[in-house]
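Enquirer: pasting a predicted model and its sequence here:
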Amino acid sequence: MASERFVTQVPIRFAHCDPAGIIFFPQYLVLFNGLVEDWFNNALGLSYADMVQKDRVGLPIVHLECDFRTITRMGETVALGLSVAKLGNRSLTLDVDCTGPEGQLRVTAQKVLVFTSLQTHQAISAPPAIRRAIERWLSSSNPTENRS
Ligand SMILES: CC(C)(COP(=O)(O)OP(=O)(O)OC[C@H]1O[C@@H](n2cnc3c(N)ncnc32)[C@H](O)[C@@H]1OP(=O)(O)O)[C@@H](O)C(=O)NCCC(=O)NCCSC(=O)c1cc(O)c2ccccc2c1O
């Protein structure tokens, strides 16, 4: 699939870290979930809150692979990046990563998300408006740097 990429800068705070001042590993998963929300809101032009609260569409994770390569410390600002590996029928596979201020790769991960009905908690086809927005973003020529 196309290699369009969404990037956002995130300050690493006290609450992200263990007593050693190093980011605690589950926090990466929280940050990567926020990255998906930011991608919806700021790159796809879709409100993630509306998807969940109005449309009652869920996007739970069903598969995760993660490599932790270098530590990240409190006080650093890191870049979180996202690209679409595969847009399936009911699933969306995303490659996400975290890089340090000097561009060192800290974490790489691949996650598979599934569109669900929040009424039934069963898988559903990707809603057409979401599919169209992702396809439009994939075919656009400029990588998105989130500046919010
Ligand atoms: C999500 C499920 C209900 C899916 O059930 P099932 O796997 O039976 O569905 P299908 O067989 O139809 O498959 C759909 C689709 O997904 C692909 N797939 C399924 N499993 C995997 C896998 N392990 N690895 C790779 N791919 C998989 C499959 O190939 C199909 O792809 P197509 O593109 O071909 O259609 C069920 O799996 C389930 O309920 N799982 C538990 C999910 C869970 O509890 N996750 C962890 C916590 S939830 C969470 O973190 C979460 C995060 C959010 O951001 C949310 C946002 C909004 C609402 C809720 C959120 C949320 O709960």
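Expert: Good, I have the coordinates.

Enquirer: next, the distance between the ends of stretch 32-52.
Expert: Start-to-end span of stretch 32-52 (Cα to Cα, to the nearest Å) is 17 Å.

Enquirer: neighbouring contacts of it?
Expert: Applying Cβ atoms under 8 Å, 6 or more residues apart in numbering, the external contacts of stretch 32-52 come out as 6, 8, 10, 57-59, 80, 82, 94, 96, 109, 111, 113, 118, 127, 129-130, 133-134, 137, 144, 146, 148. Bear in mind the C-beta positions are built from the backbone N, C-alpha and C, glycine included.

Enquirer: buried stuff in that stretch?
Expert: Judged by neighbour count (16 or more other Cβ atoms under 10 Å), stretch 32-52 contains these buried residues: 32, 35-36, 38-44, 46, 48, 51.

Enquirer: apart from its chain neighbours, what residue comes closest to residue 80?
Expert: Using Cβ to Cβ, 6 or more residues apart in numbering and skipping residues adjacent in sequence, the residue nearest residue 80 is residue 35, 4.6 Å away.

Enquirer: do you know the pLDDT at residue 145?
Expert: Looking at residue 145, its pLDDT is 66.

Enquirer: contacts only, for the residue of the chain found nearest the ligand.
Expert: For the chain and the ligand, the shortest gap (Cβ to the nearest ligand atom) falls at residue 88, measuring 2.1 Å. Neighbouring residues of residue 88 by Cβ under 8 Å, 6+ apart: residue 126.

Enquirer: switch the cut-off to 6 Å
Expert: Counting by Cβ atoms under 6 Å, 6 or more residues apart in numbering, residue 88 touches no other residue.

Enquirer: and the pLDDT at it?
Expert: As predicted, residue 88 sits at a pLDDT of 98.

Enquirer: the longest helix seen in the chain vs the ligand: in contact?
Expert: The residue-count maximum for a helix in the chain (DSSP state H) belongs to helix 25-38. Yes. Using Cβ under 6 Å from any ligand atom, helix 25-38 reaches the ligand at residue 33.

Enquirer: if anything else comes up later, I'll come back, but that's it for now.
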